[in-house]
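Chemist: Okay, here's the prediction I keep looking at, along with the sequence it came from:
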Amino acid sequence: MLRSSLTTQLFAKIHLSLRVAPEMAYYFVKSLACRTTTALRDFPIIPPFLAATQHNDISEIGYMFGKKLSGENQLVDARHFRSIEKVNLKRNLFSEKQAAVVVDGDHKVEAFFRDSSLENEEYLTAKAYLTEKILDNIEFGLLEQMTEEMKRARVGEVALRIIREEILIPLTVAQVELLKEQAIDDLLGFGPLEVLLADPDVSDIMVNGSKRVFVEKSGRIMLTDVTFINEKHLVNVIQKIVSIVGRRVDESSPMVDARMPDGSRFNAIIPPLALDGSLVSIRKFRRQKISLKEYIDFGSMTQEMVKFLSICGHIRLNILISGGTGSGKTTLLNALSGNISNSERVITVEDTAELQLQQPHVLRLETRPPNMQGAGEITARQLVKNALRMRPDRIIIGEIRSDEVIDVLSAMNTGHDGSMATIHANTPRDALSRVENLVGMSKVNMSSGSLKNQIASALHLIVQVARQRDGKRRVTHIEEVVGMENNEIVTNPLFIFRPGQMGEDGVLQGEFYCTKTRPSFLSQAAYFGREKEMLLSLGLE
Ligand SMILES: Nc1ncnc2c1ncn2[C@@H]1O[C@H](COP(=O)(O)OP(=O)(O)O)[C@@H](O)[C@H]1O
Ligand SMILES: [Mg+2]
């Protein structure tokens, strides 16, 4: 079989060229969508490697040796690894001789050995010069008006001209071709960010200056091997992104927020405010929602918790989801909203529209930041107030950040049961204090006692989510808000996650514990005919 002989060949090659113990070597698979290390496995395991050659979006397969990637939040840098051998499956840049064809049943995959001699010292010197030069030679304004094809052609032309006229280093035809291709990839679209944006596993992209790009991938933060040519290149990419929403970034407005075409949230801050080069944060828009059921597969909740929460959503409890940044608040709010019935009129209020409710009767509102002159702002509070005049059955607030909290509380207390919101806090207790503080910070005067009273009667349930040490997100508390006692709001935990030891597999051990408490809103469950089910989910029947 050709296929296995290719593998054997590669296997042998590594041993020859590495002269290291096999357990020191790992192979990596780069998909088109991802330039960082996607699959790292101990070297002797060959089957996944074989499977990878059949994937359409795999562009490179290679080998590295060095430190093993494991542990928590460890910086993962592909540069820690010396790339030994690469097989390029997509780019047709290699000569016939270096090509191998892999055949497996009906699949036919062409594989090309990347000629590592292409990227020799001369090549790298030429590349450094070209990338520096090309930025000054491209009229980005003009490019924006061109079609994708024209853009590629234009950048290719400029690259070739510079290579021919200014770079005196002798290069082979294949090298020139590769240089041109790399220049086009770097400059067009969102440049180096493109691969990260296209990688579905990357949830956040953090650019700390032109040479350090971090991503969050399955809950872990890692350094990637993606870099920008220089600061100017980075600012150019930032400019391109914010120009889509008609904004500019420059010294007079060095901070920008924008929504990218795919819905991702983009923030950039450039020098002089950022001291060591421009900083970019992108929170990628998740096309995929996580359904409540999937929380069970992810180990984020037990089946009983999911059952319980879906009943709570259906029977119109007022629910506050609490958690830190990136802990999964919005995701859970989205999942919970799946239990709202189709006949209800739901209004959502968000700073940046992220919720993806499927019901037919959903009215989406989004706040508006002030314009450059500081005018025209529409706050969440104004929107919530307006929403209340729109005869909603429920109001859903993406995140409570400010004085809209007052109107949310009064909505919950005046017949808009089933309202839901998220808030930034680390425990259910904190969430309650944060609600209090937000009211305190607003201009509304209310005695502490009556404020607490109002909070206690508005909220039924607090659901705490957390991103824990192992990078996993879990629902750590489901607490019922019972009422007032001795001037304090009383809550009752119904489910708690009790963390244990860190497991050897890097997953935090622990158990989801059900307190088997009868919640005070059982009567409301009964009203909706779901009392029995609720008791069952709480282990009480
Ligand atoms: N239970 C979960 N398991 C795995 N990933 C999750 C879970 N909940 C959320 N995520 C992911 O975590 C990231 C942050 O979630 P998000 O809901 O936006 O957080 P927050 O609103 O708290 O800032 C998203 O990429 C989301 O898909
Ligand atoms: Mg959120």
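Modeler: Sure, I can see it. Ligands and ions are numbered 1, 2, ... in the order given.
Chemist: going forward, measure contacts and count neighbours with C-alpha atoms only.
Modeler: Will do.
Chemist: who in the protein is up against ligand 1?
Modeler: Proximity of the chain to ligand 1, by CA under 6 Å from any ligand atom, involves residues 203, 295, 298, 300, 323-331, 473-474.
Chemist: quick one: which of those residues sit in helices?
Modeler: Counting by DSSP state H, the members of the residues of the chain next to ligand 1 that fall within helices are Tyr295, Lys329, Thr330, Thr331.
Chemist: burial of the last one, as a residue count?
Modeler: The number of residues packed around Thr331, counting by other CA atoms under 10 Å, is 20.
Chemist: give the contact list for it.
Modeler: Listed by CA atoms under 8 Å, 6 or more residues apart in numbering, the contact partners of Thr331 are Lys289, Ile290.
Chemist: per-residue pLDDT, it?
Modeler: At Thr331, the predicted lDDT confidence score is 93.
Chemist: Closest to Val384 out of the residues of the chain next to ligand 1?
Modeler: Lowest distance from Val384 to the residues of the chain next to ligand 1 (CA to CA) belongs to Thr330, with 18.0 Å.
Chemist: hang on, the closest one packs against Ile397?
Modeler: No - under the criterion of CA atoms under 8 Å, Thr330 lies out of contact with Ile397, with a separation of 9.9 Å.
Chemist: between the two, which one's more packed in?
Modeler: More neighbours surround Ile397 than the other of Thr330 and Ile397, with 27 against 23 (other CA under 10 Å).
Chemist: can you list contacts of the one helix or strand that one maps to?
Modeler: Taking DSSP states H and E as the criterion, the element that holds Ile397 is strand 394-400. For strand 394-400, contacts defined as CA under 8 Å, 6+ apart pick out 330, 344-351, 354-355, 387, 411, 416-424.
Chemist: Over to stretch 534-541?
Modeler: Contacts of stretch 534-541 from elsewhere in the structure, counted by CA under 8 Å, 6+ apart, are 304-305, 307-308, 311, 494, 514-518, 522, 525, 532.
Chemist: What count of nearby residues applies to the residue nearest to Ser442 when sequence neighbours are not counted?
Modeler: Taking CA to CA, 6 or more residues apart in numbering, and ignoring the residues beside it in sequence, Ser442 has Asp403 as its nearest neighbour in space, at 5.4 Å. As a burial measure, Asp403 scores 21 neighbours (other CA under 10 Å).
Chemist: likewise Leu461?
Modeler: In terms of burial, Leu461 registers 27 neighbours under the definition other CA under 10 Å.
Chemist: Tell me who's in contact with it.
Modeler: Taking CA under 8 Å, 6+ apart, we find Leu461 in contact with Leu317, Asn318, Ile319, Leu320, Ile478, Glu479, Glu480, Val481.
Chemist: give the contact list for the fourth one.
Modeler: In other words, Leu320. Contacts of Leu320 were listed using CA under 8 Å, 6+ apart, and they are Met420, Ala421, Thr422, Ile423, Leu459, Leu461, Ile462, Val463.
Chemist: isn't there a strand covering it?
Modeler: Yes - assigned with DSSP: H, G, I helix; E, B strand; the rest coil, Leu320 falls within a strand.
Chemist: how near is it to ligand 1?
Modeler: Distance, Leu320 to ligand 1, by CA to the nearest ligand atom, to the nearest Å: 12 Å.
Chemist: Nearest residue to the residue of the stretch 401-541 of the chain found nearest ligand 1 in space, ignoring adjacent ones along the chain?
Modeler: For the stretch 401-541 of the chain, the residue closest to ligand 1 is Arg473, as judged by CA to the nearest ligand atom, at 4.8 Å. The spatial neighbour of Arg473 that comes closest, neighbours along the chain excluded (CA to CA, 6+ apart), is Arg467 at 4.2 Å.
Chemist: Please apply the same query to Pro499.
Modeler: Using CA to CA, 6+ apart, the closest residue to Pro499 is Gly510 (4.2 Å).
Chemist: same deal with Ala421?
Modeler: Computed as CA to CA, 6+ apart, the closest residue to Ala421 that is not its neighbour in sequence is Ile397, at 4.6 Å.
Chemist: In the stretch 51-200 of the chain, which residue sits nearest ligand 1?
Modeler: Nearest residue of the stretch 51-200 of the chain to ligand 1: Pro200, at 9.6 Å (CA to the nearest ligand atom).
Chemist: re earlier: give the bridge partners for the residue nearest to Ala421, please.
Modeler: In this structure, Ile397 has beta-bridge partners Val349, Ala421, where bridges are defined by DSSP bridges.
Chemist: for the contacts of Leu320, which one is nearest Val195?
Modeler: Within those, the smallest distance to Val195 is 31.5 Å, found for Thr422 (CA to CA).
Chemist: My read is that the closest one contacts Thr325, right?
Modeler: No - taking CA under 8 Å as the contact criterion, Thr422 and Thr325 are not neighbours in contact, 10.9 Å apart.
Chemist: What strands line up against whatever helix or strand Val256 lives in, and which way round?
Modeler: Taking DSSP H and E as the criterion, Val256 maps to strand 255-259. Based on DSSP bridges, the strands next to strand 255-259 in the sheet, each with its direction, are strand 265-269 (antiparallel).
Chemist: Where does the stretch 101-250 of the chain get nearest to ligand 1, residue-wise?
Modeler: In the stretch 101-250 of the chain, no residue comes nearer to ligand 1 than Ser203, which is 4.7 Å away by CA to the nearest ligand atom.
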